[in-house]
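Visitor: got a sequence here, can you build the structure:
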Amino acid sequence: MLQQNLGTRYSMQSEEDITATYIHSGKQHPPYPLIDFNRKLQREAGLSQLNETYLENLVKEFQAVPQLSRNIKGLTLTRLTELALICAGNYADNGEITTAGDLMVNPPQVMVYLRGNTEPILKKRHEKLTAQFKHLRRHHSSMIHWLIHNSQLEIRQKPLLPKLCDMMSAFGAISDKYIATVDQRMKQIADTMGFLSAWKVGSAEEFHQKLKSARPSERGFIHRTLCRFDRRLFDEMWNDIGVLLLDSGYRSRFVG
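Guide: Okay, the predicted model is just below:
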């Protein structure tokens, strides 16, 4: 299990505790931009805040923050990943398959290069290519054949979770065990999406209506298929940041 007890030496600290104890320790050049960013995450990252646009903006903000402390930078990256997993899992658990898919598998920016065109065309994210370009061919079957031989796709921006996985891989100091839990939870999200898609659920309203009408035994099975991700690791990473501010030799199980 990834969860572990940190012991009595390092108890869970509030954001005020973390900043105050660091200042009083007399250490120089504290990584305040990273701490300020993490305080923002801790303060604002409730489920009502989490959506793709908000998370993408957080990633851009994170990329602009000076590193100063490699381990704290790594923990900040894993905290962003936790928020993305929680968000995607919550969407999947509520039957919002399309929105969960946007975070997992559906790129926000794909360019279509058509033979004979000098400029690429932005693919409509939630529309099939055959529908977007149906004006070019009358019959659906010939449209598919024509696209195969006359178009190329370029993914210019990956979905958020694969992008964060790439960032963790490039960072190089994220623990293999943590990355394995990310892969496991992404699989769980995909399984939940697949189950609810097969159950013909396409929205939170449909899901809750079907759940309400299901038999008790069915409800138990359905609940076992859900992600139900929580913030335990996200909060533990915040605690590790506080420990690292006081003890640069501390080894977090997430980075280092």
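
Visitor: could you report the neighbour count for Arg137?
Guide: For Arg137, the count of nearby residues is 16 (other Cβ atoms under 10 Å). Where you see a C-beta, it was placed from the backbone N, CA and C, and this is true even at glycine.

Visitor: please apply the same query to Arg228.
Guide: Per other Cβ under 10 Å, the neighbour tally for Arg228 reads 12.

Visitor: tell me how far it lies from Leu85.
Guide: 12 Å (Cβ to Cβ, to the nearest Å).

Visitor: quick check: Val110 is in a strand.
Guide: Yes - assignment of Val110 by DSSP: H, G, I helix; E, B strand; the rest coil places it within a strand.

Visitor: partners of it in the sheet?
Guide: Ile155 (DSSP bridges).

Visitor: could you break this protein into its assigned domains?
Guide: Per automatic domain parsing, the structural domains of the chain span 15-104+159-246, 109-157.

Visitor: off-centre distance for stretch 81-89?
Guide: 4 Å (Cα atoms, centre = their mean, to the nearest Å).

Visitor: using CSV, write down the CA coordinates of it.
Guide: Provided in CSV are the C-alpha atoms of stretch 81-89 (Å, rounded to 0.1, in the frame of the first residue of the first chain):
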residue,chain,number,x,y,z
THR,A,81,-1.4,15.0,-10.8
GLU,A,82,-3.5,14.0,-7.8
LEU,A,83,-5.9,16.8,-8.5
ALA,A,84,-6.3,15.7,-12.1
LEU,A,85,-7.0,12.1,-11.0
ILE,A,86,-9.5,13.3,-8.4
CYS,A,87,-11.2,15.4,-11.0
ALA,A,88,-11.3,12.7,-13.7
GLY,A,89,-12.4,10.1,-11.2
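
Visitor: now what about that stretch, what contacts it?
Guide: 41, 45, 47, 50-52, 55, 58, 100, 103-104, 160-161, 164-165, 168, 182, 185-186, 188-189, 192, 227-231, 233-234, 237 (Cβ atoms under 8 Å, 6 or more residues apart in numbering).

Visitor: now with 6 Å?
Guide: 45, 50, 55, 100, 103-104, 160-161, 164, 185, 189, 227, 229, 233-234 (Cβ atoms under 6 Å, 6 or more residues apart in numbering).

Visitor: now the helices for the stretch 1-150 of the chain?
Guide: For the stretch 1-150 of the chain, the helices defined by DSSP state H, counting those that start in this stretch occupy 15-24, 32-44, 52-64, 70-93, 97-104, 129-132, 140-150.

Visitor: those helices: lowest mean pLDDT?
Guide: Per-stretch mean pLDDT for the helices of the stretch 1-150 of the chain is lowest at helix 15-24 (a mean of 50).

Visitor: and which of the contacts of stretch 81-89 is nearest to Lys200?
Guide: Ala100 (15.9 Å; Cβ to Cβ).
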